[in-house]
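Engineer: 3D model of this:
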Amino acid sequence: MIRRLIALLVLVWGLGFAVFALTLPRPIGDQQTDAIVVLTGGAGRLDRGLDLLARHRAERLFVSGTDRTVRKKELAVRTGRPLALFDCCVDLGKESVDTRSNATETSKWLEAHHYRSARLITTDWHMPRAHSDLNRALKGHDILIVPDAIRSHPGFMTLFTEYNKYVLRLVAAPFGY
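Structural biologist: Got it, this is the predicted structure:
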């Protein structure tokens with residue numbers, strides 16, 4: 001009986017992994033939102049957010065998880081964008097250190113600005129966990145989160161590690177972890 005239960009769990013885990021790997025989120029179009037949220041840590045994320053902001057697809061952009069030493073002027077130079085864009089419309093979040101604290105930091109920012117919708121930008125393999133954590137942090141608030149994934153070509157180990165983190169978060173979340 002225990003062997004069958006273990007075999008069933010392994011089968012469910014394996015099928016879940018296959019679905020996770022084969023159905024990674026994709027980028028979306030130019031849908032208008034009140035805000036754009038970029039989670040740091042992956043190529044193309046900030047550029048995507050800045051492109052959308054420059055095209056007026058949202059009022060403001062929040063970059064969650066920036067290093068405490070990073071300044072807007074440095075980002076403007078590095079991205080080749082005008083400092084005026086950063087000064088008027090970009091906020092840097094410097095309190096988060098992981099996906100879960102990104103969600104907490106972002107939810108506080110969205111609530112403080114009274115936004116009703118936000119585009120979440122992160123890498124495709126990271127989106128399921130980031131989107132889930134942010135929705136959990138926003139529980140009780142009527143804020144629409146629109147996932148906008150940056151396409152990547154993750155290897156097996158990246159997918160394997162991220163899938164296990166995602167499953168663990170889903171299992172632990174109801175217990176407050």
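Engineer: which parts of this structure are strands?
Structural biologist: Shown for the chain, the strands assigned by DSSP state E span residues 35-39, 60-64, 90-93, 117-123, 144-150.
Engineer: from the contact counts, what lies against the third one?
Structural biologist: For strand 90-93, the contact count by 3 or more Cβ pairs under 8 Å, 6 or more residues apart in numbering; DSSP states H and E identifies strand 60-64, helix 72-79, helix 99-112 as packing neighbours. Heads up, the C-betas are built off the backbone N, CA and C, glycines and all.
Engineer: what's the most buried one of the strands of the chain?
Structural biologist: Stretch with highest mean neighbour count among the strands of the chain: strand 35-39 (a mean of 28; mean count of other Cβ atoms under 10 Å).
Engineer: list the strands paired with that strand, with their directions.
Structural biologist: strand 60-64 (parallel), strand 117-123 (parallel) (DSSP bridges).
Engineer: just the mean pLDDT for the first one, thanks.
Structural biologist: Per-region confidence: strand 60-64 scores 98 on mean pLDDT.
Engineer: now do the last one
Structural biologist: When pLDDT is averaged along strand 117-123, the result is 98.
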